[in-house]
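> Next input, structure requested:
(one chain, ligands or ions: 1)
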Amino acid sequence: MSAQIIPVQPFDLVVFGGTGDLALRKLLPALYHRDADGQLPEDARVIAVSRQALDDDSYRAKVAAALATYISASETVENTTNRFLARLHHVTLDVKGDAGWQELKKTFAGRDDRVRVFYLATAPDLFGAVAKRVGEENLITPLTRLVLEKPIGKDLASARAINDLVGSVFPERQIFRIDHYLGKETVQNLMALRFANSLFEPMWNHSLIDHVQITVAETVGVESRAAYYNTSGALRDMVQNHLLQLVCLVAMEPPSAMDADAVRDEKLKVLKSLKVMKPADVLRNGVRGQYKAGAVNGVAVPGFAEEVGSPTATETFVALKAEVENWRWAGVPFYLRTGKRMPHRVSEIVIQFRAIPHSAFGPDAGTIEPNRLVLRLQPDEGVQLQLMSKDPGPGGMRLKPTPLNLSFADAFKVRWPEAYERLLLDVVRGNATLFMRRDEVEAAWSWAEPLLAAWEQSAEPVRFYNAGSWGPAESAILLARDGRAWADPTT
Ligand code: NAD
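Alright, predicted model coming up:
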């Protein structure tokens, strides 16, 4: 089976921050794969903008080295590499200065009919300045789109300020706010599972679902990003965006169509239904942790405070009990957790169904575990439905949980595309379905802000956990208090 490849329109993709980690590690390798699959038209170009004094050739050499690092040799083809590198150009420009803008402008001569994308792979404090200047330089055509990377601010006020600035130059339909989780194949599969099958929708509510768990665990620490991360923390870095987007996709009503506004209207309703926590609720329903030195997969690693260089209260782990206050989800907790330096890199959504009302089997049958639907986002992408079944053998009726497994890797023999491959081409196509609208970002901040404020003002310390563990004990207690437990993501 092969994926269908439909070439996109010719485009100029301008990457502000074209020499940065995101561009070299994610964006350019993603475009390389699309080129290799024949999806980029002959006339597609990438114009990297950075402060470095590079000409086209030296930029191409830099990207060639990055491709060799981030794409396996078995996936590279010399012809494709040469074709891809020939698409690349570099303009030296400091967003805060005047030099370089005329050179950038010249690269668009005679190309106003092409799709033009300004991708801001820079810190968010430059978003407004870039938007303003491209407006002043008359570089915005009807086919221009502006892509904003996360984070969109660090709280509601700063997010609003960024949105106001870019919104004063670009209409909302031309602004694409990336949350790369939405580009993951398995995240989109969640919409397919819910809205392309009649099986689950009738039971997708409080009458049959006991609770939902979302785990996004990383084995990595903060490494070279310690200084930045110390100003952010896991709530801003992961929960406010990625985890809340997953909550939206689990909890949203079926949209009338898979178009950008229909989908985003439904996601927005979920965000607005999230129960806003008072300070006492935050301390009861939220756990913030920070990793100490420990070992991950047998490798000794330092604690977060050692990486920062001094003691700090920043959280590298969050566990929360969230509530979606509407008819469908009344009384169904959404337990969310994310952390760095966990024992395994795993992202999954667990839909835990209610227990059977009565067991007809005697005590010898064993415990009848409630059904569980597990959506594994990474690694080993797939869906697992846990059912009770009879343990084979003539000696009585013993029951045991048995997984019904759908492994996407086994079912679809195609290369698994990276999220950015899908998202970059959606920008070119002008399809904003998988991007966040302004009101979504602001609603997510409105919910997250009371948590940040309560933790900041609380005398309760951040809870420490050993690197290589599943977080502080309080995370398990959060569920144990409700008679529940985190699903083991390793099974
Ligand atoms: P980086 O520091 O590696 O790169 C920053 C880039 O911006 C460089 O190319 C630099 O030359 C350019 N730049 C900085 N100031 C400039 C100026 N005044 N004028 C012109 N160019 C300027 O950072 P990064 O890791 O690539 O991340 C960029 C942004 O994307 C950050 O906001 C980050 O939080 C976000 N982000 C990064 C990743 C990732 O995987 N690296 C993932 C998601 C979001």
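
> Go through the top helix by length along the chain and flag the buried ones.
Scanning the chain for the helix with the most residues, using DSSP state H, yields helix 438-457. Neighbour counts over helix 438-457 (16 or more other CB atoms under 10 Å) mark 438-449, 451-452, 454-455 as buried. Heads up, the C-betas are built off the backbone N, CA and C, glycines and all.

> Over to stretch 133-143?
By 16+ other CB under 10 Å, the buried positions in stretch 133-143 come out as 133-134, 139-140, 143.

> List the contacts of the nearest residue to residue 445 once chain neighbours are set aside.
Once flanking residues are discounted, residue 445 sits nearest to residue 156: 4.1 Å by CB to CB, 6 or more residues apart in numbering. Residues in contact with residue 156 (CB atoms under 8 Å, 6 or more residues apart in numbering) are 442, 445-446, 449.

> what about the closest residue to residue 33 other than its chain neighbours, helix or strand, and which?
Closest residue to residue 33 apart from its sequence neighbours, by CB to CB, 6+ apart: residue 421 at 5.5 Å. Assigned by DSSP states H and E, residue 421 falls within helix 419-429.

> which residues touch that helix?
Defining contact as CB under 8 Å, 6+ apart, one finds that helix 419-429 is touched by 8-9, 11, 13, 26-27, 30-31, 33-34, 39, 115, 117, 119, 145, 147, 176, 178, 180-185, 188, 432-435.

> Buried among those residues? Make that a ChimeraX selection.
Selecting only the buried entries of the contacts of helix 419-429 in ChimeraX, with 16+ other CB under 10 Å as the criterion:
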select :8,11,13,26,27,30,31,33,34,39,115,117,119,145,147,176,178,180,181,182,183,184,185,188,432,433,434,435
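
> Next step: the contacts of helix 419-429 restricted to strands.
Secondary structure from DSSP state E places 11, 13, 115, 117, 119, 145, 147, 176 of these in strands.

> Take those and write them to a markdown table, including pLDDT and distance to residue 273.
Listed next are the ones in strands among the contacts of helix 419-429 as a markdown table, based on pLDDT from 0 to 100; distance: CB to CB, whole Å:
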| residue | pLDDT | distance to residue 273 |
| --- | --- | --- |
| 11 | 98 | 38 |
| 13 | 98 | 37 |
| 115 | 98 | 36 |
| 117 | 98 | 34 |
| 119 | 98 | 32 |
| 145 | 98 | 30 |
| 147 | 98 | 29 |
| 176 | 98 | 25 |
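
> From what I see, residue 31 and residue 37 are in contact.
No: Residue 31 is not in contact with residue 37 according to CB atoms under 8 Å; the separation is 10.8 Å.

> which residues sit in contact with the residue in the stretch 1-150 of the chain that the ligand sits nearest to?
Going by CB to the nearest ligand atom, the ligand is nearest to residue 20 of the stretch 1-150 of the chain, at 2.2 Å. Contact analysis of residue 20 by CB under 8 Å, 6+ apart lists 50, 121-122.

> most centrally placed residue in this protein?
residue 181 (2.6 Å; CA atoms, centre = their mean).

> Could you measure from it over to the ligand?
11 Å (CB to the nearest ligand atom, to the nearest Å).

> Okay, buried residues for the lowest-mean-pLDDT helix or strand in the chain please.
Ranking every helix and strand in the chain by mean pLDDT, DSSP states H and E puts helix 408-411 at the bottom, with a mean of 78. Of all the residues in helix 408-411, those buried under the rule 16+ other CB under 10 Å are residue 408.

> so what does it touch, helix or strand wise?
Applying 3 or more CB pairs under 8 Å, 6 or more residues apart in numbering; DSSP states H and E, we find helix 408-411 packed against helix 185-195.

> and stretch 121-138, how far apart are its ends?
By CA to CA, to the nearest Å, the extent of stretch 121-138 from end to end equals 21 Å.

> How about that stretch and the ligand, any contact?
Yes: using CB under 6 Å from any ligand atom, stretch 121-138 reaches the ligand at 121-124, 126.

> and if you look at stretch 38-55?
Yes: contact between stretch 38-55 and the ligand is present through 50-52 (criterion: CB under 6 Å from any ligand atom).

> Quick check on these: which are buried?
Neighbour-count burial (16+ other CB under 10 Å) is assigned, among these, to residue 50.

> among the residues of stretch 38-55 next to the ligand, which are in strands?
residue 50.

> need the residues of stretch 38-55 next to the ligand in a markdown table with distance to residue 384 and pLDDT, can you?
Output for the residues of stretch 38-55 next to the ligand, formatted as a markdown table (distance: CB to CB, whole Å; pLDDT from 0 to 100):
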| residue | distance to residue 384 | pLDDT |
| --- | --- | --- |
| 50 | 44 | 97 |
| 51 | 48 | 97 |
| 52 | 47 | 96 |
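
> partner strands of the helix or strand hosting residue 334, parallel or antiparallel?
Assigned by DSSP H and E, residue 334 belongs to strand 333-339. In the sheet, strand 333-339 lines up against strand 209-217 (parallel), strand 317-323 (antiparallel) (DSSP bridges).
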